[in-house]
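Just need the structure, nothing else, for what follows:
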Amino acid sequence: MPATSPQRITEATITMYHRLFYSVPLIISLCLYHGSIKADTELIYTQQTNSVFGNPTIIQIQGSKVRMERNGGDLYLIYDHNTQTLFSINPKNQTYVTNTLATIRARTEHLVAMQQQFTQQLKKQIEELPERQRAATLKRLEQAEKMLKIPQPKFAIEYDTKTDLILGKPCKIARFKVRTQLMRTLCYAPHSIINAEDFQQLKAMFEFMNQLAQEAARIQEQAQTPINLNSLIFEDSLILRNHNTIPDTQEELSVINTAPLDVQLFTIPSDYAELEPNNQPPSIPHFIPLNANPY
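Residues are numbered from 1 along each chain as shown. Model (predicted):
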């Protein structure tokens, strides 16, 4: 094998280092700024109640976090998928509540204990009522307890053959009915209309919210709702229009933004105080007999 000349070795070495000089920073930058390559997503839904426009619903997604401000309410939510945590933030009071499966279990168990205590005290007060009124009040109390455990009605889903256009994007139509009563009509489009990873984070948030609700219902031995009517995800698709008939409310996607979002939107301000609902138990009200004048 012929020996390589010193000149060729020098040129080969220079070429190798020249390539490394330009490729290594590129690799490092791709690793450091991988999050910025993933497009942030902002979805704005117009909102109507009884045909009157209200505040929009704004959903912002960045990395593993989702922020949702629904209908301009006093609270907004931040979901952190990495920690499986949903924060409820109240900017007016500068407070927030941390929601995880563990905290929901603890709070619901505390609530059940409070409900049992309330029921026992209520029954003691009912026993002091005149016999006729006592029997009627006990019957109503038993009916109320049974109502909480009645299974939720099952939804029948009807798929329409026609499609609609929202923001120039075709969407399929589905209707939810209980028996013959129309409850919900939605128009949904393939999730590919937004960044794939951002869609998965949005879907994960609604699934997590459903887990929290189902866990609370299980502990309270209440019927679990089969479908989350507040979700904007349906069959792995994004809902572009959501119309609930009871009450008459409608949300429709009006804006899709992919510009970078401020990271502070997904961070709870440092001067906000954390609240724990269990530390502020409600007082048990005194029972007022029916038809009595409380004043």
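
tell me the strands in the stretch 151-295 of the chain, going along the chain?
With strands called from DSSP state E, counting those that start in this stretch, the stretch 151-295 of the chain shows them at 156-166, 169-178, 181-190, 233-234, 237-244, 249-257, 273-274.

Turn the ones you listed into TSV, including mean neighbour count.
In short, each C-beta sits where N, CA and C put it, glycine included. Listed next are the strands of the stretch 151-295 of the chain as TSV, based on neighbours: other C-beta atoms under 10 Å:
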stretch	mean neighbour count
strand 156-166	11
strand 169-178	17
strand 181-190	18
strand 233-234	20
strand 237-244	21
strand 249-257	18
strand 273-274	9
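
so which of these comes closest to Ile58?
Closest to Ile58 of the strands of the stretch 151-295 of the chain is strand 249-257 (C-beta to C-beta; 9.1 Å).

got a list of what the residue nearest to Glu158 when sequence neighbours are not counted touches?
Leaving out its chain neighbours, the residue that sits closest to Glu158 by C-beta to C-beta, 6 or more residues apart in numbering is Arg175, at 4.6 Å. Neighbouring residues of Arg175 by C-beta atoms under 8 Å, 6 or more residues apart in numbering: Ile157, Glu158, Asp160, Leu182, Arg184, Thr185.

separation between Arg175 and Thr258?
Distance from Arg175 to Thr258, counting by C-beta to C-beta, to the nearest Å: 31 Å.

again, but for Thr249
In terms of C-beta to C-beta, Thr249 sits 27 Å off from Thr258.

next one: Tyr272
From Tyr272 to Thr258 the distance is 29 Å (C-beta to C-beta).

just the helices in this protein please.
For the chain, the helices defined by DSSP state H cover 6-32, 34-37, 101-127, 131-147, 196-219.

between the contacts of Arg175, which is nearest Gly63?
Distance to Gly63 across the contacts of Arg175 (C-beta to C-beta) is lowest for Arg184, with 31.2 Å.

The closest one - nearest residue in space that isn't next to it in sequence?
Counting by C-beta to C-beta, 6+ apart, Arg184 lies nearest to Phe176, which is 4.0 Å off, once chain neighbours are set aside.
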